[in-house]
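Engineer: when you get a sec, could you give me coordinates for this:
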Amino acid sequence: MKKIELHLHLDGSVRISTASEILGIDIETATNKMRGKNLKSLDEYLTRFDLPIEVMQSYDNLKRVAYELALDLIDDEVIYAEVRFAPIFHTKVLNLEEVCKAVLDGFDLVKDKIKINLILCMMRHLPFSENKKIIDLYLKHIDSRIVGLDLAGSESMFPNSLFIQLFDIIKHEKIPFTIHTGEVNNLDNIKVALDYGFKRIGHGINIINDNSLIEEAKERDVLLEICPTSNIDTFNCDSYINHPIRKLYDLGLNISINTDDRTVSNITLNEEYGLLKTYFNFSVDELTKININAMKHSFADDSTKEEIIRLLL
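Structural biologist: Numbers count the residues shown, from 1 in each chain. Below you'll find the predicted structure:
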């Protein structure tokens, strides 16, 4: 079925064969460094991005990685995606604008087959001055396909309360924003995100532990970008059958279904949907409604939303 993906990391979806070829290492070594299975924590999972970031340091490599991800999305029957990455990690040779151009040029190679927009990530472990550069980059409007910002990284080590200055700017400038939060069991982080009026939350699964936050998220029409397999890989859920996605959906929360990191978690969106049908009996009708709702909460312009929703019906 035609699908929408809103929470997808470019550097977490680099083909292992591409990393092996570019870095001149064998497939087994690349696999061991890029797969995120049988780890002990989210922080260990995040180390699986080190090798892809090493790959993504030139115009040609960034363009290739973006193009190959676009092809993988097409094979997965995704018709609209918002791909995110932290451009500041890829500036050993290029500047921030050149990094973004390389990625968008890669997407352009198949623009007649899929619509892909870009979300730029700020990182929790970086100082305010570095993250402010990403806000400034967005405000330059260097490309209309750069549609929003994100805050990613270790939520347990760097809680949302540390980023109030950034949030104030984002709110003042009315920048479309999604934030990795509620992935680990810190309900204060979810509360901060809701208080700032952010309409999308990356993961957010631990909201299941607080009824008042659930009601607030419903009232504010917030969308949770849920990535079930990734949540298991990062030890934020102990098994698929115990994942709260079905409960969250049945409680009336807005959700979208995503892979997060296709390579790190070794998952496609088709496979994710299959797991949801197997474990939670999600119907095709329910999955279609989830996709339509995801598109409504996307950062695309209104005409793109209408076009894609027509294709989903």
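
Engineer: CA only for contacts and neighbour counts going forward, please
Structural biologist: OK.

Engineer: what sits closest to Lys191 if chain neighbours are left out?
Structural biologist: If the residues on either side of it in the chain are set aside, Lys191 comes closest to Leu213, at 7.1 Å by CA to CA, 6 or more residues apart in numbering.

Engineer: how about Lys92?
Structural biologist: Here the residue nearest Lys92, using CA to CA, 6+ apart, is Gln57, at 6.3 Å.

Engineer: how about Ser298: what's its closest non-neighbour residue?
Structural biologist: Leu6 (7.0 Å).

Engineer: my read is Asn242 is in a helix, agree?
Structural biologist: No. Read with DSSP: H, G, I helix; E, B strand; the rest coil, Asn242 is coil and lies in no helix.

Engineer: report how many residues lie close to it.
Structural biologist: By the criterion of other CA atoms under 10 Å, Asn242 has 12 neighbours.

Engineer: buried stuff in the helix or strand harbouring the residue nearest to Lys191?
Structural biologist: Assigned by DSSP states H and E, Leu213 belongs to helix 211-219. Within helix 211-219, the residues that qualify as buried are Leu213, Ile214, Ala217, counting by 16 or more other CA atoms under 10 Å.

Engineer: any idea how far Asn291 is from the last one?
Structural biologist: The reference is to Ala217. Distance check for Ala217 against Asn291: by CA to CA, to the nearest Å, it reads 19 Å.

Engineer: quick revisit: any buried residues in the very next helix or strand once past the helix holding Leu213, and which?
Structural biologist: Next along the chain after helix 211-219, taking DSSP H and E as the criterion, comes strand 223-226. Under the neighbour-count criterion of 16+ other CA under 10 Å, strand 223-226 has Leu223, Leu224, Glu225, Ile226 buried.

Engineer: kindly report the same for stretch 97-104.
Structural biologist: Buried residues in stretch 97-104 (16+ other CA under 10 Å): Glu98, Val99, Cys100, Lys101, Ala102, Val103, Leu104.

Engineer: ok so the last one is a strand residue?
Structural biologist: Looking back up the chat, that one is Leu104. No. Using three-state DSSP, the secondary structure at Leu104 is helix, not a strand.

Engineer: quick one: it and Glu82, what's the gap?
Structural biologist: 12 Å.

Engineer: and what of the second one?
Structural biologist: Summarising the geometry, the distance separating Val99 from Glu82, computed by CA to CA, is 17 Å.

Engineer: neighbours of the residue nearest to Ile226 when sequence neighbours are not counted, how many?
Structural biologist: Among residues not flanking Ile226 along the chain, His203 sits closest, at 4.7 Å (CA to CA, 6+ apart). Using other CA under 10 Å, His203 is surrounded by 27 other residues.

Engineer: distance of His203 relative to Ser283?
Structural biologist: 22 Å.

Engineer: where does the stretch 101-250 of the chain have low pLDDT?
Structural biologist: In the predicted model, the stretch 101-250 of the chain carries no residue with pLDDT under 70.

Engineer: just give me the neighbour total for the closest residue to Gly204 other than its chain neighbours.
Structural biologist: Spatially, and ignoring its direct neighbours in sequence, Gly204 is nearest to Gly182 (4.0 Å; CA to CA, 6+ apart). Neighbourhood size, Gly182 [other CA under 10 Å]: 25.

Engineer: Gly182 and Asn206 touch, don't they?
Structural biologist: Yes. Counting by CA atoms under 8 Å, Gly182 touches Asn206, with 5.2 Å between them.

Engineer: looks to me like the residue nearest to Lys92 is in a strand.
Structural biologist: No. Applying three-state DSSP, one finds Gln57 to be coil, outside a strand.

Engineer: that one contacts Glu98, doesn't it?
Structural biologist: No. Gln57 is beyond contact range of Glu98, at 10.8 Å (criterion: CA under 8 Å).

Engineer: any shared contact partners between Leu104 and Glu82?
Structural biologist: Common neighbours of Leu104 and Glu82, counting by CA atoms under 8 Å, 6 or more residues apart in numbering, are Leu118.

Engineer: quick one: the strands in the protein?
Structural biologist: Taking DSSP state E as the criterion, the chain contains strands spanning 3-9, 78-85, 115-123, 146-152, 177-181, 200-203, 223-226, 254-257.

Engineer: hang on, the residue nearest to Lys191 packs against Ile205?
Structural biologist: No. Counting by CA under 8 Å, Leu213 stays clear of Ile205, with 11.4 Å between them.

Engineer: distance of the residue nearest to Lys191 from Asp250?
Structural biologist: Distance from Leu213 to Asp250, by CA to CA: 15 Å.
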